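Chemist: The amino acid sequence is not available; the structure is as follows:
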């Protein structure tokens, strides 16, 4: 059974650009969550999608957005990139919405975004 | 406000000894706790979880202890091995928060040969 796949693995962008990251969850998993990981802030929750709907959202500006497709694949978009957006972006999939069973989240290897 | 923090950023343990990684939380509404392990270049990997109606839960070589009185969580790893070298995160969810995970900063476990 394939794990969570994130693409690309590494990305370098310049300030002001926008970026789209992709996450393919484990087959059968319907919940996808996105996290930003930085050395100084640790893991910060961005948002969670379930059945193509955003169910939870963290405290990030509107430049960070996402969506989920009918096959549960998810994309995350960051517009008007800032230097502080440089981080490892992690995607996690779980069977169901957390708290309804299938709470365990499986993480991908992440996309390392560097903004210069 | 709610917070999850770790007492030590780095822990060095002799191979074969037991490791204890600690975590404190501040919100009494926290009702579910998870420990994750993150190896270099990889995403976090689920280790073990515990609900607030429990004090202890055991897995393979790992035990999680929850002390609700002092709002303290610990992860015990028995007979630490080189493969246990990683950053360990505790995370919590608050009752009524749609189970949004709140993460601690992480503790780096270093295994000495």
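Modeler: Cool, the structure landed. Small disclaimer: the values here were computed from a predicted structure and weren't measured.
Chemist: which residues touch residue A:43?
Modeler: By Cβ atoms under 8 Å, 6 or more residues apart in numbering or on different chains, the contact set of residue A:43 is A:35, A:36, A:37, A:90, B:44, B:89, B:91, B:103, B:106. All C-beta atoms are positioned from the backbone trio N, CA, C, and that covers glycine.
Chemist: out of everything not next to it in sequence, what's closest to whatever residue of chain A ends up closest to chain B?
Modeler: For chain A, the residue closest to chain B is residue A:107, as judged by Cβ to the nearest Cβ, at 3.1 Å. With Cβ to Cβ, 6 or more residues apart in numbering or on different chains as the criterion, residue A:107 has its nearest non-adjacent residue at 3.1 Å, and that residue is residue B:43.
Chemist: Next up, the contacts around the one you found.
Modeler: Residue B:43 sits in contact with A:4, A:90, A:92, A:107, A:108, A:109, A:110, where contact means Cβ under 8 Å, 6+ apart.
Chemist: what kind of secondary structure is it in?
Modeler: Three-state call for residue B:43 (DSSP: H, G, I helix; E, B strand; the rest coil): coil.
Chemist: Against residue B:20, how distant is it?
Modeler: Going from residue B:43 to residue B:20 by Cβ to Cβ, to the nearest Å gives 24 Å.
Chemist: Adjacent strands (with direction) for the strand or helix carrying residue B:74?
Modeler: Using DSSP states H and E, residue B:74 sits within strand B:72-77. The pairing partners recorded for strand B:72-77 under DSSP bridges are strand B:19-25 (antiparallel), strand B:62-67 (antiparallel).
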